[in-house]
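Colleague: Give me a model of this one.
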Amino acid sequence: MSQELFLFVRPPRPLWPFNGPSTAFWPPLAFASLAAALRDQVPGLRVAILDAPVSAMGWTSLTTLLRRLQPDFVGIGEEAVSCAETLRLARLAKECGARVVAGGCFFGNVAAEALSTRLVDVVVHGEGEQTIVELMSVLREGKADELRNVAGISFLDGEEVVFTGWRKLLADLDRLPFPAYDLLPIERYGHSSRNHPALAAIELGRGCSHGCQFCVLWRQMGRFPTDHPVPCLRVKSKERLLEEVRQLMDRYHRRYLGWVDPCFNADPNVASELAELLLRDRRSIGQSAWVRADYLLRDQASGALQVCCDAGLNELYLGIERVAKEDLARLGKGDLAGEPARALQMLDEKHPNVFTVGTFIYGLEGDTPQSVRSLFRHAHQLPLDEVFFIPLTPLPGTPYWRSNMWDPTGQRFRTFDFLPRPNGDAVQARLTSAVAWSYLACWPWPRARRMLKGIFARNSRRRRITRHIVQRTVPLMLSGVFGSRQRPESAGGMYYPQWYES
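Modeller: Here you go, the predicted model:
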């Protein structure tokens with residue numbers, strides 16, 4: 001008798017325009033972590049991961065493969081922007097006779113809606129390693145009446161949506177099994193990239209110390225003392241992290257680490273402690289991470305930032321979002337007293353080889369084309385290597401989401417791509433046009449100088465990244481100026497690769 005198969009699947013999907021083909025898709029770390037838990041704790045269950053995009057596998061090939069494999073269970077969990085693809089995958093899985101288990105930041109916040117499509121059997125909420133192990137024990141034994149005893153899930157009982165309550169978070173992340181990197185086509189991630197070669201995804205910890213209103217990441221790993229989440233930061237030990245990096249470098253020959261944490265420097269100690277161990281181990285590896293500006297100033301003062309840079313940290317993303325304090329307060333960013341400007345000036349002077357990217361949000365209530373142009377000018381006064389303007393996106397789980405936004409086809413979520421969108425509603429279109437015109441026509445001297453400095457930089461990595469982003473941004477901004485004149489094969493600002501339906 002053949003063993004039952006649990007297959008995690010990332011379906012074919014459009015590409016974000018700023019990534020090259022070899023870095024468009026990071027390793028699905030959540031799938032690797034969940035697969036490791038199932039493999040270690042559920043005897044007699046085969047576990048596999050199918051990452052279609054990184055293998056340039058289109059829908060025709062995926063359909064053929066699923067019909068041949070006939071998985072008993074299919075695990076899904078994409079971002080909102082790929083809801084249409086994920087539901088298409090769920091429909092295909094059901095046609096193959098599989099039960100579908102969904103999870104992640106998107107499905108965990110639209111559980112009732114997803115279950116109502118009848119394409120999803122169970123939704124796993126929040127941190128899933130313990131939950132999915134208990135869930136599989138119940139499903140494999142055919143004891144549907146015991147589903148109510150599995151904390152952290154939603155399912156349908158007739159027409160009733162049953163939510164079993166929030167599961168207590170793991171207190172010690174070191175108890176987690178190492179992610180099942182061996183189940184991934186690991187050699188394909190970043191295989192031809194010069195800026196992020198041999199890419200790996202890795203987590204320092206889970207959760208965050210802050211609760212920004214627009215963010216779902218901290219909610220995914222937050223605590224739920226009531227129906228509302230509160231931020232909860234947990235980190236792995238430096239020894240556990242060192243062993244993960246060793247495995248990625250020595251066994252899987254990874255040469256670049258993409259930290260997936262919503263705030264890499266939220267904890268004041270563990271990142272620098274890991275960096276010290278790496279240096280003691282005579283290791284240095286390129287790294288990128290999202291960080292907070294106020295913590296950067298703290299880490300510079302303590303010496304922690306220097307140690308991290310010595311160990312390879314060379315690309316930082318800062319969610320600056322706005323300039324006015326009242327706007328920052330509305331977004332839950334806190335009362336920042338000019339920390340971004342001071343932190344970026346410090347990086348420019350003390351760590352010139354670190355490439356910096358800042359993000360700004362537009363589309364808040366009261367925004368006008370004039371205020372957006374002003375925000376653009378202020379943003380380009382900062383010593384940033386690259387600036388991205390992101391429309392405020394009403395992700396499920398945030399206060400901006402409304403239940404009537406749900407679309408059972410998933411097509412509406414094509415707009416949830418964090419890209420300037422010229423063909424949205426009238427207000428959004430005007431604001432996007434202001435961003436696009438500013439990008440093309442507004443060239444204060446600090447911006448022009450920074451652009452030229454990047455394009456002709458002595459540091460080859462900085463030079464390549466700057467040129468790459470400029471080449472991919474100009475067409476997007478031209479689209480923003482001239483309206484929705486997009487290629488028919490485009491998915492908003494994202495685009496379908498040639499292999500999408502192959």
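Colleague: Could you report the distance from the residue lying closest to residue 80 once chain neighbours are set aside to residue 54?
Modeller: Once flanking residues are discounted, residue 80 sits nearest to residue 416: 4.2 Å by Cβ to Cβ, 6 or more residues apart in numbering. C-beta: built from backbone N, CA, C; applies to glycine. Between residue 416 and residue 54 the computed distance is 22 Å (Cβ to Cβ, to the nearest Å).
Colleague: Any stretches of the chain with poor pLDDT?
Modeller: Residues of the chain that meet the criterion pLDDT under 70 lie in 1-2, 20-23, 335-336, 424, 483-492.
Colleague: Mind doing that once more with 50?
Modeller: 1, 485-490 (pLDDT under 50).
Colleague: Which parts of the stretch 401-502 of the chain are helices?
Modeller: Applying DSSP state H, counting those that start in this stretch to the stretch 401-502 of the chain gives helices spanning 426-441, 445-455, 460-481.
Colleague: Just name the most buried of these.
Modeller: Among the helices of the stretch 401-502 of the chain, ranked by average contacts under mean count of other Cβ atoms under 10 Å, first place goes to helix 426-441 (a mean of 19).
Colleague: Could you confirm residue 200 falls within a helix?
Modeller: No. Assignment of residue 200 by DSSP: H, G, I helix; E, B strand; the rest coil gives strand, placing it outside any helix.
Colleague: Cross-check the contact I'm expecting between it and residue 32.
Modeller: No. Using Cβ atoms under 8 Å, residue 200 is not in contact with residue 32, being 10.3 Å away.
Colleague: ok now do the spatially most central residue of the chain, which residues does it touch?
Modeller: Nearest to the geometric centre of the chain sits residue 260, at 6.9 Å (Cα atoms, centre = their mean). For residue 260, the contact set (Cβ atoms under 8 Å, 6 or more residues apart in numbering) comprises 26, 29, 201, 202, 203.
Colleague: gap between the first one and residue 203?
Modeller: For residue 26, the distance to residue 203 equals 12 Å [Cβ to Cβ].
Colleague: Over to the second one?
Modeller: Relative to residue 203, residue 29 is positioned 6 Å away (Cβ to Cβ).
Colleague: who's more crowded, the two?
Modeller: residue 203 (20 against 17; other Cβ atoms under 10 Å).
Colleague: does the more buried one really touch residue 261, like I thought?
Modeller: Yes. Judged on Cβ under 8 Å, residue 203 makes contact with residue 261 at a distance of 5.9 Å.
Colleague: if we can go back for a sec, for my notes, please list the helices of the stretch 401-502 of the chain in CSV and give distance to residue 143 for each entry.
Modeller: Formatted as CSV, these follow (distance: least, Cβ to Cβ, whole Å):
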stretch, distance to residue 143
helix 426-441, 49
helix 445-455, 60
helix 460-481, 52
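Colleague: Between these, which one is closest to residue 308.
Modeller: Closest approach to residue 308 among these (Cβ to Cβ): helix 460-481, 17.1 Å.
Colleague: So residue 389: helix, strand or coil?
Modeller: Classified using three-state DSSP, residue 389 is strand.
Colleague: pretty sure it contacts residue 362?
Modeller: Yes. With contact defined as Cβ under 8 Å, residue 389 counts as touching residue 362 (5.8 Å).
Colleague: Who has more neighbours out of the two?
Modeller: Higher neighbour count among residue 389 and residue 362: residue 389, with 26 against 22, using other Cβ under 10 Å.
Colleague: separation between that one and residue 361?
Modeller: When residue 389 is compared with residue 361 (using Cβ to Cβ), they lie 8 Å apart.
Colleague: likewise residue 340?
Modeller: 13 Å.
Colleague: do residue 341 as well
Modeller: 17 Å.
Colleague: what does residue 185 give?
Modeller: 35 Å.
Colleague: which of those two has more neighbours?
Modeller: For residue 185 and residue 361, the more surrounded residue by other Cβ under 10 Å is residue 361, and the numbers stand at 23 against 13.
Colleague: Need the nearest residue in space to the more buried one, chain neighbours excluded.
Modeller: Using Cβ to Cβ, 6+ apart, the closest residue to residue 361 is residue 321 (4.7 Å).
Colleague: Next up, the contacts around residue 251.
Modeller: residue 181 are the contacts of residue 251 under Cβ under 8 Å, 6+ apart.
Colleague: So which of residue 200 and residue 32 has more stuff around it?
Modeller: More crowded of residue 200 and residue 32, by other Cβ under 10 Å: residue 200, with 29 against 22.
Colleague: pretty sure the residue nearest to residue 80 is touching residue 395, no?
Modeller: Yes. Counting by Cβ under 8 Å, residue 416 does reach residue 395; the two are 6.8 Å apart.
Colleague: the strands in the stretch 301-450 of the chain, which residues?
Modeller: Along the stretch 301-450 of the chain, counting by DSSP state E, counting those that start in this stretch, strands occupy 313-321, 355-362, 386-391.
Colleague: do the stretch 101-250 of the chain as well
Modeller: 122-124, 153-157, 160-163, 199-202, 205-206, 234-235.
Colleague: Show me the strands paired with the fifth one, marking each as parallel or antiparallel.
Modeller: Read that as strand 205-206. Strand 205-206 has these partner strands in its sheet, going by DSSP bridges: strand 234-235 (antiparallel).
Colleague: residue contacts, residue 72?
Modeller: Here residue 72 is in contact with 4, 5, 6, 97, 98, 99 (Cβ under 8 Å, 6+ apart).
Colleague: let's see it at 6 Å
Modeller: 4, 5 (Cβ atoms under 6 Å, 6 or more residues apart in numbering).
Colleague: Just give the nearest non-adjacent residue to residue 283, would you?
Modeller: residue 249 (6.7 Å).
Colleague: doesn't residue 394 make contact with the residue nearest to residue 80?
Modeller: No. Residue 416 lies out of contact with residue 394 (Cβ atoms under 6 Å); the separation is 8.1 Å.
Colleague: okay, the two: which has more neighbours?
Modeller: Ranked by neighbour count (other Cβ under 10 Å), residue 416 and residue 394 place residue 416 first, with 21 against 17.
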